[in-house]
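**Student:** build me a model from this:
(2 chains, ligands or ions: 3)
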Amino acid sequence: MAYPVLQVENLTMHYTTRKGAVKAVEDVSFSLEKGEALGLVGESGCGKTSVALTLLRLLPENAQFLGGHVYFFRDGSDEAHARRAVGKPVKVLLDGQEHQGRLVGVDRSQLVLDARLNGRTQQIKLARDGIARIGVDLTALSDEEMRPIRWKGISMIFQAAMNSLNPVYKVGDQIIEAIQTHMPMPIPEARERVAQLFQLVGLDRQLMDRYPHEYSGGMKQRAVIAMALACDPDIIIADEPTTALDVIVQDKILREMRQIQKKLNMSMIYISHDIAVIAEVADKVGVMYAGGLVEFGPAEAIFKNPIHPYTKALMSAFPSIKGEKVKLAALPGEPPDLIKPPSGCRFHPRCPYATEICEREVPKFIEHKPKQHAACWNPLT
Amino acid sequence: MKRIWQTLTSGMSKYIIMRLLQVILVLYLYMTLVFIILEAQPGDITDIYVGNPKITPEARDAIVKQLGLDKPIHERYFEYLKNFVTGHLGCSFKWGNISPTPDPVCREQRPTWDLIKERLPRTIVLFLTYTIVSFYIGFFLGKLIAWRRGAIIEYFSTVVGVTLFTVFTPWFALLLVWLFAVNLGVVPIGGFINPDSWTNIRQIGSVDCSVGISCSNIVFNQMLLWLGGLSLFWGIVYLWSRRFSYVWQRNVIRWGAVALGIVLAGLFFGGSWFGEVNRVVLARNTKFQFFVWYFEFPAGTIPLFPLALDFVQHMVLPILTLTLISFAGTMLLMRNTMLETMREDYVMAAKAKGLPDNVVRDKHAARNALLPVVTSLIFAIAFSVDGGVFTETIFSWPGMGQLLLLSALEQDYPVAIGSLVFTGIFALVAHVIADILYAFLDPRIRYD
Ligand SMILES: Nc1ncnc2c1ncn2[C@@H]1O[C@H](COP(=O)(O)OP(=O)(O)OP(=O)(O)O)[C@@H](O)[C@H]1O
Ligand code: SF4
Ligand SMILES: [Mg+2]
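**Tutor:** Numbers count the residues shown, from 1 in each chain, chains lettered A, B, ... in the order given. Ligands and ions are numbered 1, 2, ... in the order given. Down below sits the predicted model:
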C-alpha cells in the first residue's frame, strides 16, 4: 500500500532584500509517497531550489519563513522519531485514517494526541505499532532536533553538486563523515560502505582516497549521488542533478539514478527546469511558476492532458524528438519579478487564455481531475 | 634507485625540492644584493680611521691590504661568497672575546659566527612564539565573529583590534612597559635574563660555564631544542595516528604522546635521576661531548625549571606587545575569508549532512578560510624583520634584530654583514616552512 513520506502544506517563504521582499515560495502544497519520484519543474528563478531549502530548513540568513507545514513521516515503531515528535504538531496515519493534532505523549503501546475535533480540543489515544505512521511537522523542530532528519531522513544533491565537495578533504572521508554522524560504526565498516556506494554509482573504489580536484565533472556528480545515498535516507532531493554535464553523461546518470531509486524503493524529488528530464524520471509532476505551484498530479495524466496553460506552454517546448531543445516558443515575455509579482494569477500577463478575473483574483489550487490539481480560472480540458 | 627517483619527483617531495632549490637561488641573489649595497657606499670601511691621529696613512694602507680591500671587486665578491660557504664570517670590530683563551683566528676579538650562534635562537623563539600566538588568536576570533555576525564580540574585537593595529608600535610598547613592568611590576622591564638568578650557576650538567661559556645560553638552547623536538614529535605522532581506524585508538596514541612529552620535559627541567643515567653514559664514552652539550640530561644538582622560567618571564611583555598589535590583521582577514567560505556550497552541504554546528564551522568553513590567511602570513614574514628590530631594541632583547641595529650604528661591518645575511636566511627559511605547511593544508597545491 502506498503511504506518504512527506506532506507539504501551504509553504510560504520570502527573501528580504533591499529592494523589497522576494516572494520566492508562495502557498506551495504537495505530497510525496514512498518509492515515488516527484518532478518539480519550472523556469529558472521560479523558486524550485527555495522550496527544497525550506523543507530542509537550510535557508540563508535573509530568508523569512512565513508559514506552512512540512510533515515528515516515519514508522510508528521508530523510537527516536516518536520522541522527537512529542510536543510538536503531528499527523498520524492509522488504518487509512488521518489524525491531526499535537502529540502530547508516547509510550510503548500508544500515542496520545491533542486533536481538534468538531471545534473542540480532545485527547485521543492511538495504537502505536509499525502500521501507525507519525508525521512530525519539521517547521516546528529546533535546529538541534532537525539535525538527525537531515541526510538520514532527507538528503540532497545540490544544484551545484560539483561544489558541494569540500576541496581539502578526500571524497571518501566526506561521505564517511556523514555516515559517522548518523549511524556510528567503526571506520573499516564505514569505508566498506562507501566502497559499496561507489560501486552502486559506478565509481572505482580506489577513488575514495582521492581529492575532489582529481575527479572529473561526471565523477564528482556520481560521488555526490553516493554521498546522498550514504545514510539510506527516506527522501532524496536532487536539485538539477545533471545540468553541469554533457548530454550523454547526463542521460546515463539520470537513468542510473532512476534505477537505484527503484531498486532501493526510495522517494525522490527531482528538480529541473528541463521538462524532458522530468518526463524521463518522474512518477508525479509539480509545475512551478513564479513562486507558486500551478499544477500537480500524476506524470502520465499531466503529460497527456495538462490543465494549466503554463504546463501546456512548457510541454510545447518539450521536443517530440528527444535530444533537440526548442525555446519556449509559445510563451512570450519574461518570468515576472518576484518582488512585485502580477496581481491575481501570476501568469496572466503571459497567458493566452487569460480573462478578466485572472488579473483580479488568485485562482484556488484545486483538484480539477482525479488527483490532478491546478490553480487556474480557465482550466484546459 | 628508480624508486627513490620516483618518490623524489612525485607530489609533495617534488614540491618541497623545487621550493628548496628556489630558496637557494633567492639566497644567492640576496647575498649579492647585500654585497652590492655595501660596495655602493662611498669610501671604504677604513674611513672611520680618518679622524684618528694615531693611524697614519701608511697604517691605514696596511689595514686596507690586510682586509683585502685593495683587490679588484670581482675577487672580493668571490671571497665574500666563499667565506659564507666555508663559515668564515670574520671577527667583530667591537665585541671582545669572552673565552679565557684567545680565539685561534680572531684572538682578542669575538668571531661573528659566535655572536650569531648565540643570538639567532633567541630571535627564533620570540618570533615563533609570537607568530603562533597572534595567528591563533586572530584565527579564532575571526572565525567566531564571522560565524555570529552582529554579536557583541564582533564590535568589541573589531574596534579593539583595529585600534591596536593602527597604533604607533614603539609608543604602544612603551605604554605596556610602563603599565605592566613599571606600575604593576608583574614582569621585568626588559632584557633576556635576571642576572641575580644566575650568579651562582657555574655548571649546567657536566658543562662548566663559569668562564667562556654563557650558562644562560646552554639552558636557553636546551629549552629551544625541547620545544622544537616536542613539537616535531607530537606532529609526527599526530599524523601517524591517523592510520588507525578507531577514534579511541587515535586519542590514546595522541594523548599518550602528549603525556610522554610532558613527563620527559618535566623530568629534564626538574632535574632528577636522569642526571645519574647521563653521568654513567658519559663516563663510558666521552665522544658524545658535543652532543651532550645540547641534549644532556642535567646532573641532578640544579633543576633547570626556575632558570627556564626566567626566560619565559622576560618573553611575556615582548610577545604580548607583538601579539596585541598584530592579531587584528589576521582576525579581520580571517573574518572576511570566513564570510566568503560560509557561502560556499560545501558548507551548505555540510550543514545538510546534519553535522553539528561547530563541526560545520571548524572543519568545513574555517578550514578553508584558513588557506588565504596562511598565504598572507607567508607574505608577512618578510616584513616582520623590521618589527623584530623595533621590538628587540625596545625590550632590550639581545637577539638578531638588536645585533643588526647595534652593529650598523657602530659600524661593526663583519657583524653587520653577518647579521644581515642571517636575518635574511632566517626569514627565507621561515617562508619556506610556511610554504610547505601550506602545501600540506591545501591538497590542490601538492599535485600541480
Ligand atoms: N538568498 C536570496 N536572497 C534574495 N533572493 C533570492 C535568494 N535566493 C534566491 N533568490 C531569488 O528567489 C527566486 C527563486 O530562486 P530559486 O533559486 O529558488 O529558483 P530556482 O527555481 O531554483 O531557479 P534555478 O533554476 O535558476 O535554480 C529567484 O528570483 C532568486 O533570484
Ligand atoms: S488563471 Fe487565467 S491567467 Fe492564470 S493560467 Fe489560468 S487562464 Fe491563464
Ligand atoms: Mg535552483
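**Student:** which residues in the stretch 151-300 of chain B form helices?
**Tutor:** B:152-166, B:169-176, B:195-198, B:215-241, B:247-270, B:273-284, B:289-295 (DSSP state H, counting those that start in this stretch).
**Student:** and of these, who's closest to residue B:354?
**Tutor:** helix B:247-270 (18.5 Å; CB to CB). Heads up, the C-betas are built off the backbone N, CA and C, glycines and all.
**Student:** show me what that closest one is packed against.
**Tutor:** In terms of contacts (3 or more CB pairs under 8 Å, 6 or more residues apart in numbering or on different chains; DSSP states H and E), helix B:247-270 is packed against helix B:215-241, helix B:305-341.
**Student:** ok, back up a step: figure out which of the helices of the stretch 151-300 of chain B is closest to ligand 1.
**Tutor:** Shortest distance between ligand 1 and those, using CB to the nearest ligand atom, is found for helix B:152-166: 21.3 Å.
**Student:** got the residues of the stretch 201-350 of chain A near ligand 1?
**Tutor:** Selection of the stretch 201-350 of chain A residues close to ligand 1 by CB under 6 Å from any ligand atom yields A:273, A:338.
**Student:** the helices in the stretch 201-350 of chain A, which residues?
**Tutor:** Going by DSSP H, counting those that start in this stretch, the stretch 201-350 of chain A shows helices at A:217-229, A:247-264, A:275-281, A:299-304, A:309-316.
**Student:** out of the ones you listed, indicate the one that is most buried.
**Tutor:** Using mean count of other CB atoms under 10 Å in any protein chain shown, the stretch among these with the largest mean neighbour count is helix A:217-229, at a mean of 24.
**Student:** picking up where we left off before, mind putting the helices of the stretch 151-300 of chain B in CSV, mean pLDDT included?
**Tutor:** Shown next, in CSV, are the helices of the stretch 151-300 of chain B (pLDDT from 0 to 100):
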stretch, mean pLDDT
helix B:152-166, 83
helix B:169-176, 85
helix B:195-198, 74
helix B:215-241, 86
helix B:247-270, 85
helix B:273-284, 54
helix B:289-295, 41
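**Student:** show me where the stretch 1-150 of chain A has helices.
**Tutor:** A:48-56, A:79-85, A:143-146.
**Student:** picking that back up, let me have the helices and strands packed on helix B:247-270 in CSV, extended by distance to residue B:424.
**Tutor:** Shown next, in CSV, are those (distance: least, CB to CB, whole Å):
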stretch, distance to residue B:424
helix B:215-241, 21
helix B:305-341, 20
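**Student:** looking at those, which is nearest to ligand 2?
**Tutor:** helix B:305-341 (41.5 Å).
**Student:** now the angle from that closest one to helix B:152-166?
**Tutor:** 110 degrees (axes from the mean of the first three to the mean of the last three CA atoms, to 10 degrees).
**Student:** which helices and strands sit right next to helix B:305-341?
**Tutor:** For helix B:305-341, the elements it packs on are helix B:112-147, helix B:152-166, helix B:169-176, helix B:195-198, helix B:215-241, helix B:247-270, helix B:367-394, judged by 3+ CB pairs under 8 Å, 6+ apart.
**Student:** going by contacts, tell me the helices and strands next to the second one.
**Tutor:** Think helix B:152-166. helix B:112-147, helix B:305-341.
**Student:** ok, which of those helices comes nearest residue B:194?
**Tutor:** That would be helix B:305-341 among the helices and strands packed on helix B:152-166, by CB to CB, at 5.6 Å.
**Student:** is chain A contacted by the next helix or strand after that closest one?
**Tutor:** Downstream of helix B:305-341, the first helix or strand assigned by DSSP states H and E is helix B:345-352. Yes: using CB under 8 Å from any CB of the partner chain, helix B:345-352 reaches chain A at B:345-346, B:348-352.
**Student:** between those residues, which is closest to residue A:131?
**Tutor:** residue B:352 (30.8 Å).
**Student:** do I have it right that the closest one meets residue A:149?
**Tutor:** No: under the criterion of CB atoms under 8 Å, residue B:352 is not in contact with residue A:149, lying 10.5 Å apart.
**Student:** common neighbours of those two, please.
**Tutor:** Both residue B:352 and residue A:149 lack any common contacting residue under the criterion CB atoms under 8 Å, 6 or more residues apart in numbering or on different chains.
**Student:** what does the stretch 201-350 of chain A put close to chain B?
**Tutor:** Going by CB under 8 Å from any CB, the residues of the stretch 201-350 of chain A near chain B are A:211, A:213-214, A:227.
**Student:** mind checking which of these are buried?
**Tutor:** For these, a burial check counting by 16 or more other CB atoms under 10 Å in any protein chain shown picks out A:211, A:227.
**Student:** quick one, phi/psi of residue B:72?
**Tutor:** Here is the backbone geometry of residue B:72 (degrees, to the nearest 10): phi -60, psi 160.
**Student:** next one: it from residue B:78, what distance?
**Tutor:** 10 Å (CB to CB, to the nearest Å).
**Student:** more neighbours, these two?
**Tutor:** Using other CB atoms under 10 Å in any protein chain shown as the criterion, residue B:72 and residue B:78 rank with residue B:78 on top: 11 against 7.
**Student:** report pLDDT for the more buried one.
**Tutor:** Here, the pLDDT recorded for residue B:78 equals 87.
**Student:** who's in contact with whichever residue of the stretch 201-350 of chain B sits closest to ligand 3?
**Tutor:** For the stretch 201-350 of chain B and ligand 3, the shortest gap (CB to the ion) falls at residue B:345, measuring 11.9 Å. Contact partners of residue B:345, counting by CB under 8 Å, 6+ apart, are A:158, A:160, A:163-164.
**Student:** of those, which is the most crowded?
**Tutor:** Neighbour max across the contacts of residue B:345 (other CB under 10 Å) = residue A:164, 26 neighbours.
**Student:** wait, doesn't that one sit right on residue A:223?
**Tutor:** No: judged on CB under 8 Å, residue A:164 makes no contact with residue A:223 at a distance of 9.6 Å.
**Student:** got the residues of the stretch 1-150 of chain A near chain B?
**Tutor:** A:56, A:58, A:61, A:143, A:146-150.
**Student:** could the residues of the stretch 201-350 of chain A next to chain B be laid out in JSON lines, adding distance to residue B:64 and pLDDT?
**Tutor:** Output for these, formatted as JSON lines (distance: CB to CB, whole Å; pLDDT from 0 to 100):
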{"residue": "A:211", "distance to residue B:64": "62", "pLDDT": "91"}
{"residue": "A:213", "distance to residue B:64": "61", "pLDDT": "90"}
{"residue": "A:214", "distance to residue B:64": "63", "pLDDT": "90"}
{"residue": "A:227", "distance to residue B:64": "76", "pLDDT": "93"}
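**Student:** of the residues of the stretch 201-350 of chain A next to chain B, which is the nearest to residue B:97?
**Tutor:** For these, the nearest to residue B:97 is residue A:211 (56.9 Å; CB to CB).
**Student:** rewinding a little: between the helices and strands packed on helix B:247-270, which one is nearest to residue A:30?
**Tutor:** helix B:305-341 (34.0 Å).
**Student:** distance between that closest one and the chain's centre?
**Tutor:** 14 Å (CA atoms, centre = their mean, to the nearest Å).
**Student:** how far off helix B:247-270 does it point, in degrees?
**Tutor:** Using the same axes, to 10 degrees: helix B:305-341 against helix B:247-270 is 150 degrees.
**Student:** helix B:305-341 vs helix B:367-394, what angle?
**Tutor:** Going by the same axes, to 10 degrees, helix B:305-341 makes 140 degrees with helix B:367-394.
**Student:** hang on, the earlier thing: pick the most deeply packed of the helices of the stretch 1-150 of chain A.
**Tutor:** Greatest burial across these, using mean count of other CB under 10 Å, falls to helix A:48-56, with a mean of 23.
**Student:** could you give the mean pLDDT of that one?
**Tutor:** On average, helix A:48-56 scores 92.
**Student:** for stretch B:439-448, same thing?
**Tutor:** 74.
**Student:** nearest to ligand 3 within the stretch 51-200 of chain A, name that residue for me.
**Tutor:** Closest residue of the stretch 51-200 of chain A to ligand 3, CB to the ion: residue A:159 (4.8 Å).
**Student:** ugh, wrong one, I meant the stretch 51-200 of chain B
**Tutor:** residue B:149 (24.9 Å).
**Student:** many thanks, we can stop here.
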